[in-house]
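A.B. asks: coordinates only, sequence not included:
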């Protein structure tokens with residue numbers, strides 16, 4: 001990115017046309033630019049009506065609300081300004097053209113406003129990641145998790161851990177540096193190792209729920225599998241409540257994996273419709289079956305769909321290791337005394353449903369059970385870890401603490417100090433306090449321009 005001394009501007013609201021278009025500026029010349037367009041700088045943090053003019057021609061562009069946020073009490077920590085304009089394309093284009101002609105101003109890059117907030121100490125890296133997740137959250141559960149990260153769920157905890165580690169490190173280094181001093185207690189390493197053990201246990205507890213938090217960002221993956229013509233695509237369409245897949249009586253219609261992303265009870269679900277699993281001489285269908293098996297193996301749950309009127313087929317051997325439910329479909333085509341809406345087999349992991357994806361008979365109990373399964377899968381307690389980066393950093397810190405504790409039995413105080421220092425540095429990298437330049441571009445690359 002360009003140096004922070006540049007003043008940047010961008011559209012921070014939705015793509016025009018819209019009711020309102022919010023143009024943000026940040027940097028040392030933000031106030032000068034605001035005065036050039038609006039004629040004055042309003043009182044800090046108070047909206048004021050302004051006539052926005054082209055500084056070069058003096059032509060009136062629009063009437064807008066102008067806001068002024070002098071640094072460091074602003075979102076980025078720099079001087080910031082906003083123009084809330086009418087949201088037409090021509091209005092936004094005219095304002096951008098006027099701003100681009102002011103020396104020292106340029107268009108912002110993706111995520112640059114947030115990056116400046118990080119560089120000025122207004123956000124740590126975990127909060128930045130939470131903000132990114134909040135922007136892209138599609139379900140209520142994702143929104144809750146992202147908002148908690150933005151407000152310091154992990155960052156505050158990691159900073160508390162880091163400070164306690166520094167205290168422990170200070171004890172060990174005092175023992176090393178002042179071992180000959182009479183007023184230095186003999187046992188300083190013991191209390192330091194006690195702190196290390198407590199922190200290692202807390203990190204281990206956080207890591208135990210890591211998979212749940214990471215998966216919430218991606219969603220529960222449910223694969224619909226089974227023999228051809230069992231009604232898999234019809235079931236997908238019923239779950240999605242739209243025609244997401246082609247339905248045909250011809251066996252082998254579905255060749256590739258079809259993905260549908262859903263919000264089910266506030267939780268993200270990805271449903272996969274796969275090719276009918278059977279032996280075939282058709283090379284295209286063979287590839288479809290291979291992909292079906294592969295995706296089903298990677299899923300969190302398999303819905304094995306069978307024709308209720310046909311003899312029961314055993315689930316494909318390649319995917320039996322994945323948790324699965326048996327869906328006996330097409331009950332509308334068999335007699336009522338065989339129509340069993342929901343059955344749990346005690347002692348077995350499988351759950352069986354009988355339903356009709358075509359008519360909807362028995363479908364709602366199945367869908368309600370799937371929603372409950374998603375809620376149980378993700379849990380009710382907020383996950384401290386929501387990204388692979390978080391998990392790896394905490395695991396590295398925990399391992400360093402474990403090594404420090406092991407060295408305590410050998411009495412090697414210099415090694416203990418080094419391991420405690422490494423753990424503290426790892427937590428610093430987690431929040432962005434130390435040596436994170438190599439990961440910044442990765443974090444900010446998915447941000448939108450204007451954020």
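C.D. replies: Cool, the structure landed. Since the structure is predicted, the reported quantities are computational estimates derived from the model, not experimental observations.
A.B. asks: Please enumerate the strands of the stretch 301-450 of the chain.
C.D. replies: Secondary structure of the stretch 301-450 of the chain (DSSP state E, counting those that start in this stretch): strands at 301-307, 324-329, 342-344, 351-354.
A.B. asks: Mind naming the longest helix for this protein?
C.D. replies: helix 153-177 (DSSP state H).
A.B. asks: That one packs against which elements?
C.D. replies: Applying 3 or more CB pairs under 8 Å, 6 or more residues apart in numbering; DSSP states H and E, we find helix 153-177 packed against helix 125-136, helix 189-208, helix 413-431. For glycine as for every other residue, the C-beta is placed from the backbone atoms N, C-alpha and C.
A.B. asks: Kindly reformat the ones you listed as TSV containing distance to residue 234.
C.D. replies: Putting the helices and strands packed on helix 153-177 into TSV (distance: least, CB to CB, whole Å) gives the following:
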stretch	distance to residue 234
helix 125-136	31
helix 189-208	40
helix 413-431	47
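A.B. asks: Minimum distance to residue 220: which of these has it?
C.D. replies: In terms of CB to CB, the element of the helices and strands packed on helix 153-177 nearest to residue 220 is helix 125-136, at 16.7 Å.
A.B. asks: what's the angle from the closest one to helix 153-177?
C.D. replies: 170 degrees (axes from the mean of the first three to the mean of the last three CA atoms, to 10 degrees).
A.B. asks: Domains in the chain, by residue range?
C.D. replies: The record's domain parsing of the chain by automatic domain parsing lists 7-123, 126-209+385-432, 216-378.
A.B. asks: burial measure for residue 421, as a count.
C.D. replies: Using other CB atoms under 10 Å, the number of residues around residue 421 comes to 17.
A.B. asks: ah, wrong one, I meant residue 100
C.D. replies: Residues near residue 100, counting by other CB under 10 Å: 11.
A.B. asks: Just list the residues touching it, thanks.
C.D. replies: 106-107 (CB atoms under 8 Å, 6 or more residues apart in numbering).
A.B. asks: Could you measure from it over to residue 18?
C.D. replies: Distance of residue 100 to residue 18, computed by CB to CB, to the nearest Å: 21 Å.
A.B. asks: ditto for residue 175
C.D. replies: As defined by CB to CB, residue 175 lies at a distance of 64 Å from residue 18.
A.B. asks: Which one of the two is surrounded by more residues?
C.D. replies: residue 175 (20 against 16).
A.B. asks: For the closest residue to the more buried one other than its chain neighbours, give me its contacts.
C.D. replies: Setting aside the residues directly before and after it, residue 175 is nearest to residue 188 in space (CB to CB, 6 or more residues apart in numbering), at 4.1 Å. Each residue near residue 188 by CB under 8 Å, 6+ apart is listed here: 171-172, 174-175.
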